[in-house]
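>>> Pasted the sequence and its predicted model underneath.
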Amino acid sequence: MSAAGEHSGHYDRGVSKESATSTSRSAPATSASPRVVTRFAPSPTGHLHIGGVRTALFSWAYARRHGGSFMLRVEDTDQARSSESSMRGILEDLAWCGVDWDEGPGFVDPIGRPIGGDPRNVGSFFQSQRLEIYDRVIAEMLESGLAYPSFDTPEQLAALRKEADGKKEAFRYKRGAGEDPKGAMDRMRSGEPCVVRFANPDRVVNVTDEVLGEVRFGPEHTDDFVLRKADGFPTYHFAVVVDDQTMGVTHVLRGQEHLNNTPRHVALQIALGYRTPVYAHLPLIFNMDGSKMSKRDKDKAVREACKGAALSAEAVSAMLEEAGTATTVADVRRWQDDKTRQLGSDQLRGLAQRLQIVLPEIDVEDFRRAGYLPEVICNYLALLGWNPGQKNADGTDVEKFDRAFVSANFSLDRIGKTSSKFDRVKLGSFNQTAIAAMSDAEFAERFRDWCDVFDQMMLQRFDHDRMTLLCAAARPRVKTLSEVASKAGPVGFALVSDDEVVYDPAAVEKALRKPVEMEAGRPPTTGAELVRAFGVELASVEPFSA
RNA sequence: GUCCCGAUCGUCUAGUCUGGUCUAGGACACGGCCCUUUCAAGGCCGGAACACGGGUUCGAAUCCCGUUCGGGAUACCA
């Protein structure tokens, strides 16, 4: 058993007998390099961020490329912020993107294929259900002096931080020299609330990153960070190290914001005798203005629009009521006065619609609602920080590809080091091209599926044939599915009553006024007039594509 | 503040490791023209970048150092 090479670490000695033995058994025990296992480990505290999809996509592609397995693990160790519903949403969004996981929570994708499962028997994929494993490691560490209980109050910690700040130093928590270890253990055993900290030895930690190269972190980086919180749950740093080891994760792809966390993880791995996985830190993705792409952006956009329109709290409240998301004037006022407050996503959507602004898309769900195709999102995302470095026959770069291409060509050495800005215009162009390349039938089907989720009204207003007609007319000139209704082109008539059709004066001048004037002696002003002027029946208007 | 990372057209990037083939290529966007009864789409053409300063070298976008700028981390969040 202990011949399992890389896996014969600490946990074989009893951290988690069950998962340890089973992991080792199914791992290729004779091989020095175990089968590739990558993972995506979201924390279920909100929707799936578009940047997260790229991390997942790359992790997925790397596993596919190397015949390995892609795991999804739910990091729900923040009891206050984690929720079941956001976990479900994340699984759904990931599956919608076509990024399917070989191991992880069970799920059925949109076409009825089961995703997930636990083929290697590594145990639960929810960290909240792995507490026993963490506790066993903690007990050992406490026993061997690798960890110790700590009783500081938040106020004490704040004071220490302030002190360090005053000295213009980075705050690093280290165990007090004169502390009595036995006394501390006794206090903990007596039930006094405490955290457990890592007795982190001062040492230089060299992190080898496949993207950034060798990064040296001096001893000033070590601190006795918390392993287990007072509520008994593990911290991220601890859970991630234990899980990556016990679940046989070989390659960790994650955002560059984690680079500074890596020496902590490596220090823990060394102390515990764990293997260090291969790390690849992905460059960050920002908004076009260089700011962080965050959920707050939506709130910010609405806030600015309200301010720009000089809307009173009463007016906003009325709008919200109209939108079916009633909120009291007092609440609106509180929101207006406090920039840290945020409106709910339904409220923001309702206001955006009434204010005629487009909310910035941040989460997968936003892009989906806007009518971007999942395969296009994956294509565009893959190009952010990675590129295949291949040329087409005409000398242009290979830029348009599907997920299969990514999984066949993905490699860590083609990941860039520089952060990128998310360009929705280019995404839109890719989406338009993809739509233009579809058949009318396929597009109509896609649009119906989209309506099924986001626009039931549309489905009720149009029977199958009329919908087909509408889609055929809209397809060549539309960037997203949500634009079908607004840019229906020649059959735009069909969507509003004749009298409501308002024409762009320049277009009327250029194409319609002169011919109609010759007939009627004056310019037409409404759709109804035009129809009369031309003497045609609406039903006879056929969609055409130029 | 301290530590860490980064720097090629407006944006995403190729080229950098292995210096010359780079008067720096592609894509999106932009401008012009063509096509066109509208809007799109398509075709052709165009403007547009190696952050700055020092080295090393016959030769630097490419290697080294510094400066500047940008970003990240500095939690009982992940």
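Right, received. Where do you want to start?
>>> now the nearest residue to A:R175 once chain neighbours are set aside, what's its secondary structure?
Distance criterion Cβ to Cβ, 6 or more residues apart in numbering; nearest residue to A:R175, sequence neighbours excluded, is A:D224 at 5.6 Å. Quick note: C-beta positions are derived from backbone N, CA and C, even for glycine. Put simply, A:D224 is coil when judged by DSSP: H, G, I helix; E, B strand; the rest coil.
>>> Angles on the backbone of A:D224, please.
A:D224 adopts backbone torsions of phi -90, psi 70, taken as degrees, to the nearest 10.
>>> go on, the one 5 residues further on?
Its backbone dihedrals place A:K229 at phi -80, psi 170, with angles given as degrees, to the nearest 10.
>>> That one against A:T235, yeah?
Yes - the criterion here is Cβ atoms under 8 Å, and A:K229 meets it with A:T235 at 6.1 Å.
>>> So between the two, which is more surrounded?
A direct count of neighbours by other Cβ atoms under 10 Å for A:K229 and A:T235 places A:T235 higher, at 20 against 16.
>>> I'd like to know how far the residue nearest to A:S294 when sequence neighbours are not counted sits from RNA strand B.
Distances taken as Cβ to Cβ, 6+ apart place A:I362 nearest to A:S294, at 6.8 Å, with adjacent residues excluded. With distances taken as Cβ to the nearest atom of the strand, to the nearest Å, A:I362 is found 15 Å from RNA strand B.
>>> How many neighbouring residues does A:I362 have?
When neighbours are defined as other Cβ under 10 Å, A:I362 has 21 of them.
>>> list the contacts for it?
Each residue near A:I362 by Cβ atoms under 8 Å, 6 or more residues apart in numbering is listed here: A:H47, A:H49, A:I50, A:M293, A:S294, A:K295, A:D297, A:K298.
>>> Of those residues, select the buried ones using a PyMOL command.
Remark: buried members of the contacts of A:I362, expressed as a PyMOL selection using 16 or more other Cβ atoms under 10 Å:
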select buried, chain A and resi 47+49+50+293+295+297+298
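>>> any chance of the contacts of A:I362 in CSV, plus distance to RNA strand B?
Formatted as CSV, the contacts of A:I362 follow (distance: Cβ to the nearest atom of the strand, whole Å):
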residue, distance to RNA strand B
A:H47, 14
A:H49, 11
A:I50, 14
A:M293, 10
A:S294, 9
A:K295, 13
A:D297, 13
A:K298, 18
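>>> can you put the contacts of A:I362 in JSON lines and add distance to A:E179?
Shown next, in JSON lines, are the contacts of A:I362 (distance: Cβ to Cβ, whole Å):
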{"residue": "A:H47", "distance to A:E179": "44"}
{"residue": "A:H49", "distance to A:E179": "41"}
{"residue": "A:I50", "distance to A:E179": "46"}
{"residue": "A:M293", "distance to A:E179": "44"}
{"residue": "A:S294", "distance to A:E179": "40"}
{"residue": "A:K295", "distance to A:E179": "42"}
{"residue": "A:D297", "distance to A:E179": "46"}
{"residue": "A:K298", "distance to A:E179": "48"}
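>>> can you list the residues of the stretch 351-500 of chain A near RNA strand B?
A:383-385, A:387, A:389, A:395-397, A:399, A:414, A:416-421, A:423, A:425-426, A:428-429, A:432-433, A:436, A:476-477, A:487, A:489-490 (Cβ under 7 Å from any atom of the strand).
>>> Please repeat the previous calculation with a cut-off of 6 Å.
A:383-385, A:387, A:389, A:395-397, A:399, A:416-421, A:423, A:425-426, A:429, A:436, A:476-477, A:489 (Cβ under 6 Å from any atom of the strand).
>>> do the stretch 51-200 of chain A as well
Residues of the stretch 51-200 of chain A found near RNA strand B (Cβ under 6 Å from any atom of the strand) are A:75, A:77-78, A:81, A:152-154, A:157, A:161, A:168-171, A:195.
>>> Go through stretch A:455-462 and flag the buried ones.
Buried positions in stretch A:455-462, judged by neighbour count with 16+ other Cβ under 10 Å: A:D455, A:M458, A:F462.
>>> Beyond the strand or helix carrying A:G116, next helix or strand please.
Secondary-structure assignment from DSSP states H and E places A:G116 in strand A:114-117. Moving toward the C-terminus from strand A:114-117, the next helix or strand (DSSP H and E) is helix A:131-144.
>>> Now do the buried residues in that following helix.
Applying 16+ other Cβ under 10 Å to helix A:131-144 flags A:L131, A:I133, A:Y134, A:R136, A:V137, A:I138, A:E140, A:M141, A:L142 as buried.
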